[in-house]
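>>> build me a model:
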Amino acid sequence: MIDKTFNTAEVYNLKDIVEYSEASTVSKIISRNEKGNLTLFAFDKGQNLSEHSAPYDAIIQVLDGSGKIIIDKKAHIVKAGQLIIMPANIPHAIEANERFKMLLIMIKE
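Just a heads-up that it's a prediction; the model follows:
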């Protein structure tokens with residue numbers, strides 16, 4: 001299923017699709033089906049996603065700003081234009097030391 005907001009065969013600037021909101025984390029689903037999900041996030045400074053794990057790999061592509069991705073208790077700073085892969089079944093968390101936007105790609109096996 002693709003969100004009705006997004007037309008096929010159209011060009012989108014991912015950074016512009018989701019907006020920052022004060023003291024909040026905003027998410028927008030681009031696509032969700034049995035094979036995986038594409039979700040955009042905009043984190044205001046100080047926001048986070050608490051530690052959790054998933055049964056499949058997840059890829060973060062940073063679109064704007066920078067964030068801290070903690071994988072198995074090790075912190076990684078990722079900036080716009082960079083990506084990081086969070087391995088399946090390993091605890092991870094996200095912290096916004098500044099505002100940042102990211103695309104989360106989850107591919108299920």
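>>> so, low pLDDT: which residues of the chain?
Counting by pLDDT under 70, the chain has low-confidence residues at 1-5.
>>> again, only this time at 80
1-5, 109 (pLDDT under 80).
>>> quick one: the helices in it?
Assigned by DSSP state H, the chain shows helices spanning 14-17.
>>> if you count residues, where's the longest strand of it?
strand 58-71 (DSSP state E).
>>> elements contacting that one?
When contacts are defined as 3 or more Cβ pairs under 8 Å, 6 or more residues apart in numbering; DSSP states H and E, strand 58-71 packs onto helix 14-17, strand 74-79, strand 83-86, strand 92-95, strand 100-107. C-beta here means a position set from N, CA and C on the backbone, and glycine is covered the same way.
>>> repeat the analysis, applying 10 Å as the threshold.
Taking 3 or more Cβ pairs under 10 Å, 6 or more residues apart in numbering; DSSP states H and E as contact, the helices and strands that strand 58-71 lies on are helix 14-17, strand 36-43, strand 48-52, strand 74-79, strand 83-86, strand 92-95, strand 100-107.
>>> distance to Lys28 and mean neighbour count added to the ones you listed, as CSV?
Conversion of the helices and strands packed on strand 58-71 to CSV gives the following (distance: least, Cβ to Cβ, whole Å; neighbours: other Cβ atoms under 10 Å):
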stretch, distance to Lys28, mean neighbour count
helix 14-17, 6, 14
strand 36-43, 5, 20
strand 48-52, 15, 12
strand 74-79, 20, 12
strand 83-86, 19, 16
strand 92-95, 16, 19
strand 100-107, 10, 20
